[in-house]
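# Let me see the structure of the following:
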Amino acid sequence: MQLHKPDVVDAAAAILDNYGIADLTMRRLARELNVSPGALYWHFANKQELLGAVADRILRSAVVDVTGLGWRRAIQDSCAALRDAVLSHTDGAELVSASFAAGQSATVVQILDQLAAAAAEAGAHGDDADSTARTLIYYVLGFTVDEQSRRQWDAAGALPDEQSVLMSDTDRQFAFGLSLLIDGLAVHGAAHDPATGTAN
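As a prediction, this is how the structure comes out:
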């Protein structure tokens, strides 16, 4: 049977969901597909490239249409969709974060550009718009890495109630942190001249 790239990505995503990122190795993937590890390298030059493809698969639902919503709603919807997408897969936040750091996910770049456009609309210009977008993505991924880690510890019964995800309103906590960033962006935008990016 001929091995196709989407089949490799699907099998890798299944390993991620069933066993976690630690078990997502090229050797394990080759075994699941009944091929030699070398066969995988016809499709992916290295593991980082494979993880980037898995990240893109995870993030398909994270790209949302925010046209005409205004910058605040655009940021809220984009960040909520990113969080939902990574939470839908075991260790999804960790995998996407690693792929983002390695520059291996085209979909993360698409989300980054969307957030940068919203930041520019809010008054952040040039490098500030890109920095704002990265800060938002760091927040979402950092929050969800912690959330997923605590869910795993909860499942093992290893967390006291005060640290348990099950005993806390993580949706409210996430929305609160995001609102702080959005409010800070509004203040920053109001304090800078939109034409020059310099303080008034």
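
# quick one: least confident helix or strand in this structure?
helix 37-40 (a mean of 82; mean pLDDT, DSSP states H and E).

# Going by contacts, tell me the helices and strands next to that one.
helix 26-33 (3 or more C-beta pairs under 8 Å, 6 or more residues apart in numbering; DSSP states H and E). Any C-beta I mention is one placed from the backbone N, CA and C, and that applies to glycine too.

# Contacts for the helix it packs on next, please.
Identification of contacts with helix 26-33 by C-beta atoms under 8 Å, 6 or more residues apart in numbering yields 3, 7-8, 11-12, 14-15, 19, 36-37, 39-40, 47, 50.

# Likewise for stretch 70-78?
Contacts for stretch 70-78 (C-beta under 8 Å, 6+ apart): 62, 64, 66, 69, 111, 114-115, 117-119, 121-122, 136, 178, 182, 185-186.

# can you check stretch 43-63 too?
By C-beta under 8 Å, 6+ apart, stretch 43-63 touches 3, 5, 8-10, 12-13, 16, 24-26, 29, 40, 78, 81-82, 84-86, 88-89, 92, 95-96, 98-100, 102, 104-108, 110-111, 114.

# Just the buried ones from the contacts of stretch 70-78?
Neighbour-count burial (16 or more other C-beta atoms under 10 Å) applied to the contacts of stretch 70-78 gives 62, 64, 66, 111, 114-115, 117-119, 121-122, 136, 178, 182, 185.

# Could you list the low-confidence segments of this protein?
1, 152-168, 189-200 (pLDDT under 70).

# what residues go with each domain of it?
5-44, 60-190 (automatic domain parsing).

# would you turn those into TSV with distance to V54?
TSV is the format used below for the domains of the chain (distance: least, C-beta to C-beta, whole Å):
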stretch	distance to V54
domain 5-44	5
domain 60-190	6
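
# that older thread, show me which of the contacts of stretch 43-63 are buried.
8-9, 12-13, 16, 24, 26, 29, 40, 78, 81-82, 85-86, 89, 92, 95-96, 98-100, 104-105, 107-108, 111, 114.

# which residues of this structure fall in strands?
Using DSSP state E, the chain contains no strands.

# just to revisit the earlier point, which among the buried ones among the contacts of stretch 70-78 gets closest to Q148?
Closest approach between the buried ones among the contacts of stretch 70-78 and Q148, by C-beta to C-beta: A62, at 15.5 Å.

# Double-check A133 against Q110; I have them as touching.
No - taking C-beta atoms under 8 Å as the definition, A133 is not a contact partner of Q110, at 11.1 Å.

# quick one on the thing from earlier: now, which of the contacts of helix 26-33 sits nearest V145?
Y19 (17.8 Å).

# returning to that earlier point: show the buried residues in the contacts of helix 26-33.
V8, A11, A12, I15, L40, K47, L50.
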